[in-house]
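> sequence unavailable; structure follows:
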């Protein structure tokens, strides 16, 4: 583990009874990297991510996130990361501004910081006109962009995104990835799970999980060359068929 | 501290935005307080009485008049056949039959004693007991009258009825007795159900996962969740107290501050149970059924409707872990007897300990990490 490492995992394993959901996975993610975590449904992506975010206690192995051990310092990790879950994470019966105020407050942002950062947020995703709308009243694409912006409001070291673009139209997905690039450029590490293979092309490095193990890992370009195919989609299908 | 405040603010915003919640908070208690005291009556009015008078003498008619002039009895029919009277009891047309044997008057005058018979429909033992009690009282009254008459006033001064004075509820108005308990019941139901449904709702929607990755502490979350509902409980209590005083004229002898103090400690315990249920449930349905189970048992054994003193010992044992039992006992003491802080201290202590335990259990049961 080197100084520029933000996530480090070695032989990380999670068993549910007899079922091994994540089987001795090892990887490192560097600071400011966009790390794609790919895999079919049920491959163990979400379980792995939940262990790294302190939601789930690993069965064995070792892992550190932002330098904190996931076994012993789960609550410390939570101060330094952002998280956007697969399921919808904003309160639908609160307004845009109230959600921002709530999550900003929980991460200890001062009132003035919240005010200033929410203005930046409104400008960036063009949501100022809807600040007093209930979340339930704004379209899904906007909600997802907002959820992402809220998850990095406290300027975490790492942001974990669990299938952030599920069910979102291609244009919004493109805009979403613009936001991800900007975030990474600010030095925030992005750990993202997806099963859209075109999105995998946007990642700095990807790992592909099948049945709880990491079957392949590397830059998308390297992987395509290694498997002698033109797209990440084909890489994925080749690995899945093995 | 700041985190607790942030959660309270969020919860209150959500509650105020929920129109159904407003109905639950304001309309439900009002309706309960308007309906329940009238339904939970211990008085027996309109006793359906059937008369079988084989004697048909001036004395028997006097006796029947005595009954018919009582506000509790309503003579629905009369016959000269025992069987017909029984048929009326069986078909529920009568609750009570007074049978006067032939020659009652003559036996009274010659032997100095005579018998009459009561037949009481005892499907509901408590009602039957009441009817029997009222009827015996009327006969006793009648006895003293005819004794005066038969002895020519000779013994009038010998029997003097004792004077009664009923303490703490001089008019023996059952509403005075029931309403403080109903107030506690209302506050408990609202507090327990709303909290039991609250946290599990976040689980169902998925927002709890987002909360779980924040650095918020478990106790902050639980306390932040309970404070808004404590406030709601106190609003419901205020509404109830106002209705009790304005509509039913229930006296509040003790300190109003003590009532609110008791209510806060009590709510702390009830909300702890609610949040514990919410923390261990996966769906709102589960939480709902578990909450129902406890509320039903706790209310029925609490002494609200029936005196808990006459329950079997093991049931009394359960009452020592029944917050509603303590709550009702305390509020009756403070409202009706004007009990002071020191009078209710044992119960208050028990509820406070209960609250600390329930809240700790809720904090333990709420898992940020599985």
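Arrived safely. What you are looking at is a predicted structure, and each value in this text was computed from that prediction instead of being measured.
> distance between the ends of stretch A:211-224?
21 Å (Cα to Cα, to the nearest Å).
> to the chain's geometric centre, what's the distance from that stretch?
17 Å (Cα atoms, centre = their mean, to the nearest Å).
> distance of residue B:115 from residue B:106?
13 Å (Cβ to Cβ, to the nearest Å). Heads up, the C-betas are built off the backbone N, CA and C, glycines and all.
> these two: which has the busier surroundings?
Under the criterion of other Cβ atoms under 10 Å in any protein chain shown, the comparison of residue B:115 against residue B:106 puts residue B:106 first, with 13 against 9.
> pull out the buried residues from the host helix or strand of that one.
Element membership of residue B:106 [criterion: DSSP states H and E] is helix B:104-111. Buried residues in helix B:104-111, counted by 16 or more other Cβ atoms under 10 Å in any protein chain shown: B:104-105, B:108.
> avg pLDDT for that helix?
Helix B:104-111 carries an average pLDDT of 84.
> report all helices and strands that it contacts.
Contacting helix B:104-111 under the criterion 3 or more Cβ pairs under 8 Å, 6 or more residues apart in numbering or on different chains; DSSP states H and E are the following elements: helix B:58-68, helix B:125-150.
> who touches that helix?
B:55, B:57-60, B:113-116, B:146, B:150 (Cβ atoms under 8 Å, 6 or more residues apart in numbering or on different chains).
> just the angle between it and helix B:125-150, please?
60 degrees (axes from the mean of the first three to the mean of the last three Cα atoms, to 10 degrees).
> what sits up against stretch A:162-178?
A:45-46, A:49, A:83-86, A:140-142, A:144-145, A:147-148, A:192-196, A:199, A:202.
> intersect the residues you listed with the contacts of chain B.
The overlap between the contacts of stretch A:162-178 and the neighbours of chain B (Cβ under 8 Å from any Cβ of the partner chain) comes to A:83, A:85.
> and the buried ones among the contacts of stretch A:162-178, selectable in ChimeraX?
Only the buried entries of the contacts of stretch A:162-178 go into this ChimeraX selection, using 16+ other Cβ under 10 Å:
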select /A:45,46,49,83,84,85,86,141,142,144,145,147,148,192,193,194,195,196,199,202
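> go through the contacts of stretch A:162-178 and flag which are in helices.
Counting by DSSP state H, these place A:45-46, A:49, A:140-142, A:144-145, A:147-148, A:199 in helices.
> and which of those is nearest chain B?
residue A:147 (8.7 Å; Cβ to the nearest Cβ).
> for the ones in helices among the contacts of stretch A:162-178, name the two members farthest from one another.
The span of the ones in helices among the contacts of stretch A:162-178, defined through Cβ to Cβ, is set by A:45 and A:142 at 25.3 Å.
> picking that back up, direction included, what does the helix or strand just after the helix holding residue B:106 pair up with?
Following helix B:104-111 in sequence order, the next helix or strand is strand B:117-120 (DSSP H and E). The strands beside strand B:117-120 in its sheet (DSSP bridges) come out as strand B:96-100 (antiparallel).
> what sits against the closest residue to chain B within chain A?
In chain A, the residue that lies nearest chain B is residue A:87 (3.2 Å; Cβ to the nearest Cβ). Listed by Cβ under 8 Å, 6+ apart, the contact set of residue A:87 reads B:205-206, B:209.
> restrict those residues to those near chain A?
Within these, those near chain A by Cβ under 8 Å from any Cβ are B:205-206, B:209.
> check what pLDDT the spatially closest residue to residue B:63 that is not a sequence neighbour gets.
Spatial nearest neighbour of residue B:63, excluding adjacent residues (Cβ to Cβ, 6 or more residues apart in numbering or on different chains): residue B:142 at 5.7 Å. Residue B:142 is assigned a predicted lDDT (pLDDT) of 85.
> gap between residue B:148 and chain A?
76 Å (Cβ to the nearest Cβ, to the nearest Å).
> ugh, typo on my part, it should be residue B:215
4 Å.
> so who does residue 98 touch?
Reading this off chain A. Applying Cβ under 8 Å, 6+ apart, the residues contacting residue A:98 are A:91, B:10, B:13.
> try again with chain B
Residue B:98 neighbours (Cβ under 8 Å, 6+ apart): B:49-52, B:63-64, B:67, B:116-118, B:135.
> flag every buried residue along stretch A:25-33.
A:25, A:27-29, A:31-33.
> swap that for stretch B:319-335, please
B:319, B:322-335.
> next: stretch B:133-145.
For stretch B:133-145, by 16+ other Cβ under 10 Å, it's B:134-135, B:138, B:142.
> please apply the same query to stretch B:174-187.
B:175-187.
> what residue ranges in the chain are flagged as low confidence?
In the absence of a named chain, chain A is used. A:1-3 (pLDDT under 70).
> not quite, I wanted chain B
In chain B, residues with pLDDT under 70: B:40-44, B:150-166, B:168-172, B:370.
> show me what from it comes close to chain A.
Going by Cβ under 8 Å from any Cβ, the residues of chain B near chain A are B:2-3, B:6, B:9-10, B:13-14, B:17-18, B:205-207, B:209-216, B:368-370.
> on that earlier part again, from the contacts of residue A:87, pick the one nearest chain A.
residue B:206 (3.2 Å).
> which non-adjacent residue is nearest that closest one?
Nearest one to residue B:206, counting by Cβ to Cβ, 6+ apart, is residue A:87 at 3.2 Å.
> that neighbour and residue B:203, how far apart?
10 Å.
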